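Trainee: Model the following, please.
(2 chains)
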Amino acid sequence: MKDYKVVFETLYKEIGKVVVGQNEMIEQVMIAVLCESNALLEGYPGLAKTLVVKTLAEAMDLKFNRIQNTPDLMPSDITGTHIIEEVGGKRQFKFQPGPLFANIVLADEINRATPKTQSALLESMQEKQVTVGNSTFKLDLPFFVLATQNPIEQEGTYPLPEAQSDRFLLKIQAVYPKAAEEEKIVDIYTTHSEKPKIKVLLSKEQLLHLQKTTKQVPISNELKRKAINIVRSTRERKDLIQYGASPRASIGLVIAAKARALMHGRNHVSSEDIGVMALPVLRHRIILNFEAERKGMKTDDAIIDILKKVK
Amino acid sequence: MKFNKLLEELNSTIISEEIFVKFLYAIIIYLSLLLILTLTPISRTFAFLTSLIYFIVVMVLEWKKDKIEEVEQSYPNLKEEITTARDNIKVNNPIVDALKKEIKEKVKYVRSSTFFPLKRVYVSFAIIVLLSFGIVFITSNSITAKKFITNDLPGLLSFGGKTPLNGTFNDSYATNITDDIYGEADILQLGNKQLDIRLMPSSYEISVREEGEFKGKTFDNTYASNIQTESSDAFEENIPKEQQDLVKNYFLKLAEG
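Mentor: Just a heads-up that it's a prediction; the model follows:
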């Protein structure tokens, strides 16, 4: 297990050459990757959201594509489309894959895309496949979508419906760096003319092995029940929450806790893993009621309150 | 060693320690009841039976208990690991196997003495010693509940009544004592001589000492008047005179040879 810890520590160190701070964000993105799932990244512009994902893709030798979502972006723009190709004097249709045909896809500002395009993206996330016309194309594994949302400038956006945001395993919050970290960022990007080179540390096969290993991390029945009780509490706490999390959140919480345990070199899930992962797993799956909002509560506050009460 | 065997071993070690403590409790119950029953005419077998039943019941209950939880509580860092490994005991994959191996390594450093309830054992021993002293004191002083009620207690235990210490022999031992271990008063007056009989609590030896002045005994000289002696010839052999030398020589030769 210590070997796994060393692998991830080396990975962090390598990413740290380019990304300063944001350790929590990097860890949670990595957790989503290990869980074969997707993550929603929320943060203000300029917080290295794209850089983190791009650097991670480089360190893991994965194909990376970025989609900048706009209201006029069509589903075929991301899935790909059939184009007419001339071969030997004959014209024929050929499928031209879109940016979804990659291992890591960064869907920037997903809430700016129309619901139609969002649905196309969500299908690929869920089914790991793309349907164009009558043809279905399997996506290359590992496949991971990291969608970003900007908490400001909400005008003219199409916020993800709750049912769709539920498909993201985690909602990761990018936070501003500390003063010392910001100073280091400035130093790196104003002193060096070239961007530091990132070594490939994990192959595709190794990543698939890690994903398989994540599911093998054991969890005690007590902690499993705790995770389920936390999720169930979001449905039962009517004093705070209008709509609670679905059973998909229970699955997500347990698997995310397993991934965290693996990354920390532990061969079992601890209570701390459940507590730490409850926030990113649940924050996009619950809707506070009017009373809680009136009191100025955030979804994280409600989750922390639940965590305190669930034993 | 297999993981479940290891857990069983750890469990039985802690259970045996707990049973030892329960055994001490059973002794305390026995001595407490014995102390009470010594004051009453009720059979002392009752004390033994009660403590025996208690010990059997407690032993059965203890044996059924899962003591691994105690290990988990004593070693919180092992709690999650042991619980997880136990819940996944039938799962076989490299991670679970590594977890089981790790626990085995860590359990090596779990000292069974950690679970030994030293404080409870000390207190139990102290109570046992006190109760034992109490029983010895009560039996050696023949204290009974009846004596408590009638305030007929020896020595310092009396509450102002007459006792051998503040009374005289004649008006206490000889007249008042009727049914205690000194027996009937008239036995003490055998031969109209004052006796001091003491039961030694430690050795149970009885020291009998005559008191008073020595009085010489005179014996009557009543010998028979016609006393005469008579030699007995019952052992003489009837050997003819002429053969007596022959026999004599025969025995002399035998003596020489």
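
Trainee: can you give me the mean pLDDT across the helix or strand harbouring B:Gln243?
Mentor: B:Gln243 belongs to helix B:241-256 when assigned by DSSP states H and E. In this model, helix B:241-256 has a mean pLDDT of 87.

Trainee: biggest helix in chain B by residues?
Mentor: helix B:3-38 (DSSP state H).

Trainee: Next SSE downstream of that helix?
Mentor: Per DSSP H and E, the helix or strand that comes after helix B:3-38 is helix B:45-64.

Trainee: Buried residues in that next one, which are they?
Mentor: In terms of neighbour count (16 or more other CB atoms under 10 Å in any protein chain shown), helix B:45-64 has its buried residues at B:47, B:50-51, B:54-55, B:58-59, B:62. Placement of C-beta: from N, CA and C, glycine included.

Trainee: same deal with stretch A:284-304?
Mentor: Buried residues in stretch A:284-304 (16+ other CB under 10 Å): A:284-286, A:288-289, A:292, A:297, A:299, A:302-303.

Trainee: Next up, identify which helix or strand the residue nearest to A:Lys309 when sequence neighbours are not counted is on.
Mentor: Closest residue to A:Lys309 apart from its sequence neighbours, by CB to CB, 6 or more residues apart in numbering or on different chains: A:Ser233 at 7.1 Å. Element membership for A:Ser233 (DSSP H and E) is helix A:221-236.

Trainee: List the contacts of that helix.
Mentor: A:241, A:244-245, A:247, A:249-250, A:253-254, A:257, A:269-271, A:274, A:278, A:282, A:285-286, A:302-303, A:306-307, A:309-311, B:80, B:83-84, B:87 (CB atoms under 8 Å, 6 or more residues apart in numbering or on different chains).

Trainee: The stretch 1-150 of chain A: strands as residue ranges?
Mentor: A:39-42, A:64-68, A:80-87, A:90-97, A:104-108, A:129-132, A:135-138, A:144-149 (DSSP state E, counting those that start in this stretch).

Trainee: what mean pLDDT does the third one have?
Mentor: For strand A:80-87, the per-residue pLDDT values average out at 84.

Trainee: the inter-axis angle of that strand versus strand A:90-97?
Mentor: 150 degrees (axes from the mean of the first three to the mean of the last three CA atoms, to 10 degrees).

Trainee: Alpha carbons only: can I get strand A:80-87 in PDB?
Mentor: The C-alpha trace of strand A:80-87 is given here as PDB (Å, rounded to 0.1, in the frame of the first residue of the first chain):
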ATOM      1  CA  GLY A  80     -18.100  14.400 -34.000                       C
ATOM      2  CA  THR A  81     -20.000  14.000 -37.200                       C
ATOM      3  CA  HIS A  82     -20.000  12.200 -40.500                       C
ATOM      4  CA  ILE A  83     -18.200  14.000 -43.300                       C
ATOM      5  CA  ILE A  84     -18.000  13.300 -47.000                       C
ATOM      6  CA  GLU A  85     -14.600  11.900 -48.000                       C
ATOM      7  CA  GLU A  86     -13.400  11.200 -51.500                       C
ATOM      8  CA  VAL A  87     -11.600   7.900 -51.700                       C
END
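
Trainee: If you count neighbours, what's buried in that strand?
Mentor: A:80-81.

Trainee: returning to what we had before: and the residue nearest to A:Lys309, what's its pLDDT?
Mentor: The predicted local confidence for A:Ser233 is 89.

Trainee: same question, B:Glu236
Mentor: What the model reports as pLDDT for B:Glu236 is 61.

Trainee: Could you give the number of residues near the residue in the stretch 51-200 of chain A positioned nearest to chain B?
Mentor: Nearest residue of the stretch 51-200 of chain A to chain B (CB to the nearest CB) works out as A:Pro142 at 19.7 Å. Neighbouring residues of A:Pro142 were enumerated by other CB atoms under 10 Å in any protein chain shown; the total is 18.

Trainee: contacting residues for it?
Mentor: Counted by CB under 8 Å, 6+ apart, A:Pro142 has contacts A:33, A:36, A:62, A:103, A:204, A:207-208, A:211.

Trainee: Any stretches of chain B with poor pLDDT?
Mentor: For chain B, the stretches flagged by pLDDT under 70 are B:1, B:66-77, B:109-115, B:148, B:151-215, B:223, B:225, B:230-237.

Trainee: contact partners of the helix holding B:Gln243?
Mentor: Among residues not part of helix B:241-256, those counted as contacts by CB under 8 Å, 6+ apart are B:Ile239.

Trainee: which other helices and strands contact the lowest-mean-pLDDT helix or strand in chain A?
Mentor: Least confident helix or strand of chain A, by mean pLDDT, DSSP states H and E, is helix A:162-165 with a mean of 75. Secondary-structure packing of helix A:162-165 (3 or more CB pairs under 8 Å, 6 or more residues apart in numbering or on different chains; DSSP states H and E): helix A:115-127.

Trainee: Perfect, I'm done here.
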